[in-house]
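Participant: need a structure here:
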Amino acid sequence: MRTLLTASDAKALLERMFRAAVASAQPALCVPAHLPSPPQGRLIVIGAGKASAAMARAVEDHWTGPLEGLVVTRYGYGLECQHIDIVEASHPVPDAKGLQAAEAILKRVRHLSEDDVVLCLISGGGSALLPLPLEGISLEDKQAINVALLKSGASISEMNCVRRHLSAIKGGRLAAECYPARVLTLLLSDVPGDNPMDIASGPTVADPTSCADALAIVRRYAIELPVFARHVLETGAGETMKSADPRMSRAESRLIATPQMALEAAAEVARAAGLHAYILSDAMEGESREVGKVLAALALQCARTGQPFSKPCVLLSGGETTVTVRGQGRGGRNVEFLLALALALRGANGIHALAADTDGVDGQEEVAGACIDPQTLERARSLGMDPVEFLDTNDAHTFFERLGDALVTGPTHTNVNDFRAILLT
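Facilitator: As a prediction, this is how the structure comes out:
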């Protein structure tokens, strides 16, 4: 490989890595090997998440017996199925369609027998798509809580802890409703650490956390809760299902696609192009701009000294960073990471990067992420844009759109969290 690549060549290589990561987590590839044996009773398929419609289609394509069901996915992510109803609803802020879908799912799994099997298809985004609150908490309350959590800077694990304890379907409650039927949950992980209870807030998974834990998170981030929602946490009325509960005894979960698998697929593309590929972590968390500074320091160390990695190489990472929204911009954790990375790199030669969400949506935007190159800051300033100002106002989406460096994929029908690649040539 040449010592330096052109900006267009580097961008094309980074995009090939990203596409390989997304392709590795497609439900058509991941679901079939994990389907259950035909039950003596009925097979009921339910699910929620950005990949749930694609997962449902994969089930139908490989199941020979009778089946029925309902899954809910994000607007624009639906696919046609013959026997499984597909409902589209709002994400990341829930709406009435999601509420109605959650109610319909609960109705479908009640009064099942021990001969029945419930196949639950769960992927990232399911928390917002199953917004069924506990009695006394309205949908409007749930929407306001979601918005506050998204802006707070709380980690995904912390946000989901709060969501579980205010929900009538999460935190194992869905599995409890299925009992005595067997429940098999297939999971596409979009959370750091791949903990099943954090994927869509664990509707079929026992939850070791408590209302007191959720209340501590609310206080830590100064999140305003409606009066009754706070009462639920303070009194313990929102306690979730625990592993000792007999209704959880027939519930099993399997991880079928993870961020690590996606990063390994990207690494293979890099190695085929003559690069050393290093997976730093599949579970990075923290403020997007701070992670950008840290990875910039690592990249500069590699470029200048060959330590700890010599170039040409690519540094890969996954996980889910956070953005504490203080400005009036359009947000986006991947683009905020990239803008902070570019500022810290200061146009260093031979360093290019891509960061994007594998579901095709960065924050609330129909944009997956973006790319940077050594000329990013110079090009921005030539257009009269101050990169620091865009970072301060959490408006990196606008910054990269104006440069023509936004990465738009449309629905990917999967979700294995954020993808970051820093290319050193």
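Participant: what residues are up against the nearest residue to His231 once chain neighbours are set aside?
Facilitator: When the adjacent residues along the chain are set aside, His231 lies closest to Ala237, with 7.3 Å between them (CB to CB, 6 or more residues apart in numbering). In this view, the C-beta of every residue, glycine as well, is placed from N, C-alpha and C. For Ala237, the contacting residues are Leu134, Cys211, His231, by CB atoms under 8 Å, 6 or more residues apart in numbering.
Participant: am I right that the second one is in contact with Ala229?
Facilitator: What it means is Cys211. No - using CB atoms under 8 Å, Cys211 is not in contact with Ala229, being 11.0 Å away.
Participant: these two: which has the busier surroundings?
Facilitator: Counted by other CB atoms under 10 Å, Cys211 and Ala229 do not tie: Ala229 has more neighbours, with 25 against 21.
Participant: quick check: His276 vs Leu345, distance?
Facilitator: With distances taken as CB to CB, to the nearest Å, His276 is found 19 Å from Leu345.
Participant: neighbour count: those two, which is higher?
Facilitator: Neighbour count, other CB under 10 Å: between His276 and Leu345, Leu345 has more, with 26 against 15.
Participant: ok, that one to Leu315 distance?
Facilitator: 12 Å.
Participant: please apply the same query to Leu134.
Facilitator: Distance from Leu134 to Leu315, by CB to CB: 44 Å.
Participant: ok, the two, which is more surrounded?
Facilitator: Leu315 (22 against 17).
Participant: run the chain-centre distance for the helix or strand harbouring that one.
Facilitator: Here Leu315 is covered by strand 313-319, with elements defined by DSSP states H and E. What separates the centre of strand 313-319 from the centre of its chain is 17 Å, taken as CA atoms, centre = their mean, to the nearest Å.
Participant: got it, and stretch 111-128?
Facilitator: 19 Å.
Participant: tell me the bridge partners for Val71.
Facilitator: Gly47, Ile86 (DSSP bridges).
Participant: give the contact list for it.
Facilitator: Contacts of Val71 (CB under 8 Å, 6+ apart): 45-48, 52-53, 55-56, 84-87, 121.
Participant: and with 6 Å instead?
Facilitator: Gly47, Ser52, Ala56, Leu121 (CB atoms under 6 Å, 6 or more residues apart in numbering).
Participant: check which residues of the helix or strand that contains Val22 are buried.
Facilitator: Element membership for Val22 (DSSP H and E) is helix 7-24. For helix 7-24, a neighbour-count test (16 or more other CB atoms under 10 Å) marks Ala7, Ala10, Lys11, Leu13, Leu14, Glu15, Met17, Phe18, Ala20, Ala21, Val22, Ser24 as buried.
Participant: a markdown table for the residues you listed, including pLDDT?
Facilitator: Below are the buried residues of helix 7-24 laid out as a markdown table (pLDDT from 0 to 100):
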| residue | pLDDT |
| --- | --- |
| Ala7 | 84 |
| Ala10 | 96 |
| Lys11 | 96 |
| Leu13 | 98 |
| Leu14 | 98 |
| Glu15 | 98 |
| Met17 | 98 |
| Phe18 | 98 |
| Ala20 | 98 |
| Ala21 | 98 |
| Val22 | 98 |
| Ser24 | 97 |
